[in-house]
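*Asks:* Okay, predicted coordinates and the sequence, questions at the end:
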Amino acid sequence: MTSSASSPYDPANLDGQSANTSNERDPILDNNIEGSFLLKHKVEELLAELSEYIGAFQPTDLMVESNQIVTEVSRQTR
């Protein structure tokens, strides 16, 4: 029994063709490629959503607000 009979995928075949002599595409490899594409697309969507949140967060506003709180507390404790 040859190795191509036990596994239809040959890592040396980078063109997406199955390791056997037919010209059929390897469905496992095709699924991996499709899955990688879908995962990449989802990651890009999540990064875009995350950048919206990051853009909405203004550290300077938070610093101004915290300084105002510290100032108010120090006035009240005098």
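*Replies:* All right, it came through fine.

*Asks:* in the helix or strand containing L47, what counts as buried?
*Replies:* L47 is part of helix 27-56 when elements are defined by DSSP states H and E. Buried residues in helix 27-56, defined by neighbour count with 16 or more other CB atoms under 10 Å: L29. Glycine gets a C-beta too; all of them are placed from N, C-alpha and C.

*Asks:* and it, what does it pack onto?
*Replies:* The criterion is 3 or more CB pairs under 8 Å, 6 or more residues apart in numbering; DSSP states H and E, and there are no helices or strands that helix 27-56 contacts.

*Asks:* After it, which helix or strand is next?
*Replies:* In N-to-C order, the element after helix 27-56 by DSSP H and E is helix 59-76.

*Asks:* CA atoms only: put that next one into CSV for me.
*Replies:* Extracted in CSV, the C-alpha atoms of helix 59-76 (Å, rounded to 0.1, in the frame of the first residue of the first chain):
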residue,chain,number,x,y,z
PRO,A,59,-8.5,58.7,27.3
THR,A,60,-8.3,62.5,27.6
ASP,A,61,-11.9,62.7,28.6
LEU,A,62,-11.4,60.1,31.2
MET,A,63,-8.3,62.0,32.6
VAL,A,64,-10.3,65.3,32.7
GLU,A,65,-13.1,63.6,34.6
SER,A,66,-10.8,61.9,37.1
ASN,A,67,-9.0,65.2,37.7
GLN,A,68,-12.3,66.9,38.4
ILE,A,69,-13.3,64.2,40.9
VAL,A,70,-9.9,64.5,42.6
THR,A,71,-10.3,68.3,42.8
GLU,A,72,-13.8,68.0,44.2
VAL,A,73,-12.8,65.4,46.8
SER,A,74,-9.9,67.5,47.9
ARG,A,75,-12.1,70.6,48.3
GLN,A,76,-14.6,68.6,50.4
